[in-house]
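Peer 1: Okay, sequence plus prediction incoming.
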Amino acid sequence: MPFFTLNQILVLLINLLAIVIGFLVLKHSPHKKIKTIFLFMTLLMLFWVDFAYFPRLIGKEFPFLALFFLKIAWLVTPLFFTSLYFLTIFLLEKERKYKNLTKSVLFFGLLSTFLTGLTNLVVADIKFAGPYLAIEYGPAMLPFLAMISFLIFATLFPLFREYFQASRILKSKLKYFIIGLFGFYLANVIFNILFPLVFKIVHLYWIGDYSTFFLLGCTAYAIVRKELFEVKVILTEFLVALIAILLLVDFFLSKTSFEYFWKGILFFTFLIFGNFLIKSVIREIKLRKKLEEAYQKLKKLDEAKTEFVSITSHQLRGPLGLIKGYLWMILNQKYGPFPEKLSRPLKNTFEATQRLVKVVNDLLNLSRIELGKISLEKRYFQIEKIVDNIYKELLPVAQKKKLEFKIEKPKRPLPKILGDPLKIREAIFNLVDNAIKYTQEGFVKISLEEKNGFVLIKIADSGIGFDPQEIKDLFEKFRRVGRGKLIDTQGTGLGLYIAKKFIELHKGRLWAESPGRGKGSTFYIKLPFNG
Ligand code: ADP
């Protein structure tokens, strides 16, 4: 027989991995009962896998010993199923609720263990079918299978009953456990029961046996998995431990004392570096966790702030509108004439209120944008009408500054635009308002034209302009640049930010150009007709 058959490699590997996994769970699980039962299961699994393997190695020469070994393998099987039940109950933390079920599980688990281990009623004898080992079953084989089925049922019943009521965290843990469980059951039913008993296929038994490892792997993951972060630590530890064990095995296989010497040094050096590696991974992960926590805190704070601004500005809007309305009516003598000396204070108050309304509006818009709460009320509208309207509203302001204020429209009417007219009006209004505000002399020109499926709105002025490298800053919130700050000391730096967002919500673009400070500027809006 060649030394390294697939089976031999697998058995060796499973043994090694089981030790590593056992260590990991021992180290990382905070739950004492779960830890204990898991280690017990790992031990049972090793007994199962190894003692099912030995008879096949020595069976022909020592048939009695082979039968003895095989019985050990069979005896631990019901014990494994029983401890699986306990693990489930521990994971669910429902020991009290299923007290009676636990008693039955213990009874049938121990009974079937006794029957397989100490009598010939389940496993009667072994014989060889060619190179493979076949088992002669005793008369209690069917009751044995029934008891195993009961153990399986007793495990699945509470598991599924509690799963649906479990917390999110427990659910995500149980998920991995369930995956392992089903892989294990399936492999067992197919390769350990169906194949040998029904189809007389005996050489694939090991798939069923070794699926215990799959189950343990998934379970270990479920137990030690706290957050995704820790997986990295655990994987590193796993790898380091695995290499260490392999090095140790290699050490014991040394033939000369020189080999012992340098392999020993290799082993210890690796231990030191492995330890160092694990520690550094842990450190890195802790740091990242801290950063993540700090970031989450800041984010929450930022959201709270935005929410606060949103609520306050919303509350301010109502009374402000009222004040502005009454002031307007008084100024326009709707309540009759007022003394001449009140004219200035009233006008100043009205203008201040108007500015305040704009600031509050901007803040409200800003908070809505940041909270993602902007909703567009779309309908078809004529863009020229909106621009005309803005032009008329701002004409007195431009005239007061003695600016040449012009509007240029195409001869034929433009197609209607589908969008939120109020938001688009606000965006264009901001640009024209800025152009007038930041131009001391010269002109402000608005033009509209159609360009393959888009409308292009240009607002050009001969005002203060800006440096090309300032362009990016213009559209940042609360950002004000150059001389703009001096000219309008009360601006908030929100207008362009909001305008850009509104246009982008319509799948359009807003950008600015200027040859330099003092040389005027042009703002562009490109809007699709069907935004
Ligand atoms: P605000 O006008 O309240 O300061 P905006 O977001 O509307 O806020 O504008 C941001 C900055 O962009 C202004 O402070 C100004 O420096 C600059 N800016 C805006 N429009 C123009 C323009 N037409 N010409 C030159 N600079 C402008």
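Peer 2: Perfect, thanks for sending it. Numbers count the residues shown, from 1 in each chain.

Peer 1: Which residues belonging to stretch 209-228 are considered buried?
Peer 2: 209-224 (16 or more other Cβ atoms under 10 Å). Backbone N, C-alpha and C define where each C-beta goes, glycine included.

Peer 1: neighbours around Glu292, how many?
Peer 2: 11 (other Cβ atoms under 10 Å).

Peer 1: Quick one: mean pLDDT for whichever strand or helix holds it?
Peer 2: Taking DSSP states H and E as the definition, one finds Glu292 inside helix 257-331. Confidence over helix 257-331, taken as the mean pLDDT, stands at 89.

Peer 1: Show me what that helix is packed up against.
Peer 2: For helix 257-331, the contact count by 3 or more Cβ pairs under 8 Å, 6 or more residues apart in numbering; DSSP states H and E identifies helix 228-252, helix 343-371 as packing neighbours.

Peer 1: and the ligand, which of these is closest to it?
Peer 2: helix 343-371 (7.9 Å; Cβ to the nearest ligand atom).

Peer 1: just how off-centre is the closest one within its chain?
Peer 2: Using Cα atoms, centre = their mean, to the nearest Å, we find the averaged C-alpha position of helix 343-371 to lie 41 Å away from the chain's own average C-alpha position.

Peer 1: before we move on, back to that, could you dump the helices and strands packed on helix 257-331 into TSV and include mean pLDDT and distance to Phe454?
Peer 2: Rendered in TSV, the data for these read as follows (pLDDT from 0 to 100; distance: least, Cβ to Cβ, whole Å):
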stretch	mean pLDDT	distance to Phe454
helix 228-252	79	46
helix 343-371	90	23
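
Peer 1: Would you format those as JSON lines with distance to the ligand included?
Peer 2: Below are these laid out as JSON lines (distance: least, Cβ to the nearest ligand atom, whole Å):
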{"stretch": "helix 228-252", "distance to the ligand": "41"}
{"stretch": "helix 343-371", "distance to the ligand": "8"}
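
Peer 1: Out of those helices, flag the one nearest Tyr85.
Peer 2: helix 228-252 (26.0 Å; Cβ to Cβ).

Peer 1: For that closest one, buried residues please.
Peer 2: 233-234, 236-238, 240-241, 244-245, 247, 251.

Peer 1: just to revisit the earlier point, out of the buried residues of stretch 209-228, which are close to the ligand?
Peer 2: With the criterion set as Cβ under 6 Å from any ligand atom, no member of the buried residues of stretch 209-228 is near the ligand.

Peer 1: Quick check: the farthest pair among those residues?
Peer 2: Asp209 and Val224 (24.4 Å).

Peer 1: Just checking, which helix or strand succeeds the helix or strand bottoming out on mean pLDDT in the chain along the chain?
Peer 2: Least confident helix or strand of the chain, by mean pLDDT, DSSP states H and E, is helix 484-487 with a mean of 72. For helix 484-487, the succeeding helix or strand toward the C-terminus, using DSSP H and E, is helix 495-505.

Peer 1: Give the buried residues for the next helix or strand after that next one.
Peer 2: Stepping forward along the backbone from helix 495-505, the first helix or strand reached (DSSP H and E) is strand 509-513. Of the residues in strand 509-513, those buried under the neighbour-count criterion (16+ other Cβ under 10 Å) are 510, 512.

Peer 1: wait, is Gln440 part of a helix?
Peer 2: No - assignment of Gln440 by DSSP: H, G, I helix; E, B strand; the rest coil gives coil, placing it outside any helix.

Peer 1: Kindly indicate whether the closest residue in space to it that isn't next to it in sequence is helix, strand or coil.
Peer 2: Distances taken as Cβ to Cβ, 6 or more residues apart in numbering put Gly463 closest to Gln440, at 6.7 Å, once the chain neighbours are dropped. On the three-state scheme (three-state DSSP), Gly463 is labelled coil.

Peer 1: Give me the pLDDT value at Gly463.
Peer 2: Confidence at Gly463, expressed as pLDDT, is 92.

Peer 1: Count residues in the vicinity of it, would you?
Peer 2: 26.

Peer 1: Quick check: residues of the stretch 301-450 of the chain near the ligand?
Peer 2: Contact residues of the stretch 301-450 of the chain with respect to the ligand, defined by Cβ under 6 Å from any ligand atom, are listed as 430, 434-435, 438.
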